[in-house]
Each structure stands twice: as C-alpha cells, then as structure tokens.
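Colleague: Any chance you can model this:
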Amino acid sequence: QLQLVESGGGLVQPGGSLRLSCAASGFTFDYYAIGWFRQAPGKEREGISCINSSSGRTNYADSVKGRFTISRDNAKNTVYLQMNSLKPEDTAVYYCAPCAMTTLTPNVRSWGQGTQVTVSS
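Modeller: Residues are numbered from 1 along each chain as shown. Model (predicted):
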C-alpha cells in the first residue's frame, strides 16, 4: 500500500528557509515522478513541483520558480523540497504524491497528512 509521510514544516519568518522531506513506502519508488503540492486555507490544492524518476527533469510552478528546489534520493525513497526566500503567501499544508511532470497534477487516490508551513513575522 502506497504511503507518503511528509515532514519538515514549521513556522518561519519571511525570507527564511525550510527543507521538507517526503518518505515513501509501499510502491516501487524509483519508477515514479514525485511532486509537491500545497493547499492554503480556503484555496484549492495546487501542484508546485515535480521531479522525474531519475532526477533528470524537474518542473516548477511560476509561484515558486527560482525559490524552491526539488530533489530526490532513490536509495532512501525520499523526496525533498528546499524552500528559500519564503513569503507569507507560501503558508499552506504541503503534501507529496506521484505527479504528472508537465501538468503538475497529482496521480494519487488519497493523500498523506501533509506538513504545515507557516510564514509569518
């Protein structure tokens, strides 16, 4: 059974940084592109980044391009999201899931618990 566990969120001041982790189990991790998604209060969940199975390709939403970096370690079944220059509008619950590279859409039936990121002074 596919399981994804997100961690690393927290409270950070504007301009600060956080590194999120996504630990995967229950499926052949290195077959899949994996992405990060976020949902802010009162808004729909949006795809913000995706990395292909071999780490050769990445894609980012315009809202995070140049500030966030996605990476993965297939030996550890883990995907990371390094978030720099954080803004208050980055406040959301962050989730990871298998993704479609070009559309940044999820390919998952259910979501994990996510990790809360709050950017505030």
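Colleague: from here on, contacts and neighbour counts on C-alpha atoms
Modeller: Will do.
Colleague: How much space separates S21 from G42?
Modeller: S21 sits 25 Å away from G42, going by C-alpha to C-alpha, to the nearest Å.
Colleague: Pick out whichever of the two has more residues nearby.
Modeller: S21 (24 against 6; other C-alpha atoms under 10 Å).
Colleague: which stretch of helix or strand covers the more buried one?
Modeller: strand 18-25 (DSSP states H and E).
Colleague: Can you list the strands that that strand pairs with?
Modeller: Neighbouring strands of strand 18-25 in its sheet, by DSSP bridges, are strand 3-7 (antiparallel), strand 78-83 (antiparallel).
Colleague: could I get those as CSV with distance to T105 and mean pLDDT?
Modeller: Formatted as CSV, those follow (distance: least, C-alpha to C-alpha, whole Å; pLDDT from 0 to 100):
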stretch, distance to T105, mean pLDDT
strand 3-7, 16, 95
strand 78-83, 17, 98
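Colleague: Give the burial count for G15, as a bare number.
Modeller: Using other C-alpha under 10 Å, G15 has 14 other residues around it.
Colleague: closest one to P14 among the strands paired with strand 18-25?
Modeller: Comparing those against P14 with C-alpha to C-alpha, the closest turns out to be strand 78-83 (11.4 Å).
Colleague: got a list of contacts for stretch 82-98?
Modeller: Residues outside stretch 82-98 that contact it (C-alpha atoms under 8 Å, 6 or more residues apart in numbering) are 4-6, 13-20, 22, 32-41, 67-70, 106-108, 111-120.
Colleague: List the buried residues in it.
Modeller: By neighbour count on 16 or more other C-alpha atoms under 10 Å, the buried set for stretch 82-98 is 83-84, 86-87, 90-98.
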